[in-house]
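A.B. asks: Provided below are the primary sequence and the corresponding predicted coordinates.
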Amino acid sequence: MKLLSTAIAAAALITAADAKGFNGFYVGGDLGLSNLNTTWKSYEKTSINVGHNVHAHKFGTSLGLFLGYNKVFANCLAAGLEFGGDFNFKKNDTLARVNTGKYTVKRSGFDWDLVAKFGALVNPKTFAFVGFGIKSMKVRYNYSQDDNHLATFAIKSSKVRPTYQAGFENLMANDSVALRLVYAFTQGTKKSISSTDANLLLAPVASKISNNEHQVKLGVSYRF
């Protein structure tokens with residue numbers, strides 16, 4: 001029993017020493033792949049049975065930067081706060097074409113997030129965490145008709161929405177640089193508009209959009 005106790009104590013000391021690598025301020029960057037899920041319903045205000053139902057998954061890539069702070073406690077649990085920003089590469093895309101109508105989406109070139117993180121060491125070099133916070137999502141949806149340039153309308157969605165993360169980091173040999181993999185889900189928004197423009201195919205038209213985002217990021221961080 002004494003030998004076992006000694007081994008456990010030694011392992012705890014080694015783990016606590018390595019935990020210092022995750023303690024304090026850090027900066028980093030990552031490459032991300034995102035999937036923006038959109039449902040867009042357009043129908044005649046006089047009859048919900050006449051209309052278009054568009055559901056699309058649009059992928060995009062991003063370059064992200066982040067700055068954060070972690071506090072590692074004696075039991076190797078940790079809490080921290082991280083601010084990040086994503087520069088989106090693919091901002092314009094076509095969601096669908098229905099008859100002569102074209103549904104498109106335009107994303108903001110930059111989104112930011114602020115996340116509280118909680119985690120623990122799963123081995124001396126690996127830190128697993130979850131995060132809860134907020135993220136800005138700026139999306140503009142446009143509708144147009146090929147046979148009538150006057151038949152257009154747009155839905156703008158600029159919201160700060162809840163976001164959730166799960167991931168892990170692995171320290172490299174020098175204990176200052178870590179590789180990390182993060183999955184994030186951002187709860188999107190719902191918005192509706194209506195129009196009486198006679199140029200529109202479904203005039204008078206009502207439109208409803210809803211969206212959410214899944215994102216995977218592979219990055220590297222440096223700890224001071």
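C.D. replies: Arrived safely.
A.B. asks: pretty sure Arg223 contacts Gly24?
C.D. replies: Yes. Counting by C-beta atoms under 8 Å, Arg223 does reach Gly24; the two are 6.0 Å apart. Every C-beta, even on glycine, is put in place using the N, C-alpha and C of the backbone.
A.B. asks: If you count surrounding residues, which of the two has more?
C.D. replies: Arg223 (21 against 14; other C-beta atoms under 10 Å).
A.B. asks: Next, the closest residue to that one other than its chain neighbours: secondary structure please.
C.D. replies: Spatial nearest neighbour of Arg223, chain neighbours left out: Tyr26 (4.4 Å); criterion: C-beta to C-beta, 6 or more residues apart in numbering. Secondary structure, DSSP: H, G, I helix; E, B strand; the rest coil: Tyr26 is strand.
A.B. asks: same check, this time on Gly21
C.D. replies: Following three-state DSSP, Gly21 is assigned to helix.
A.B. asks: how near is it to Ala120?
C.D. replies: For Gly21, the distance to Ala120 (C-beta to C-beta, to the nearest Å) stands at 14 Å.
A.B. asks: more neighbours, these two?
C.D. replies: Using other C-beta under 10 Å, the more surrounded residue of Gly21 and Ala120 is Gly21, with 23 against 15.
A.B. asks: Excluding sequence neighbours, find me the nearest residue to the more buried one.
C.D. replies: Closest residue in space to Gly21, ignoring its immediate chain neighbours: Asp175 at 4.0 Å, by C-beta to C-beta, 6+ apart.
A.B. asks: swap in Val130?
C.D. replies: Per C-beta to C-beta, 6+ apart, closest to Val130 is Ala166, 5.1 Å.
A.B. asks: before we move on, what about Val27?
C.D. replies: Nearest to Val27 is Leu67, by C-beta to C-beta, 6+ apart, at 5.2 Å.
A.B. asks: Could you pull up phi and psi at that neighbour?
C.D. replies: When read as degrees, to the nearest 10, the backbone of Leu67 gives phi -140, psi 130.
A.B. asks: okay but it is in contact with Glu82, surely?
C.D. replies: Yes. Contact criterion C-beta under 8 Å: Leu67 and Glu82 qualify, at 7.1 Å.
A.B. asks: ok, what's across the strand from Ile193?
C.D. replies: Using DSSP bridges, the bridge partners assigned to Ile193 are Ser207.
A.B. asks: can you pull out the strands in this structure?
C.D. replies: In the chain, the segments counted as strands under DSSP state E are 24-44, 47-72, 77-88, 92-98, 101-107, 110-123, 126-145, 148-171, 177-186, 190-195, 205-223.
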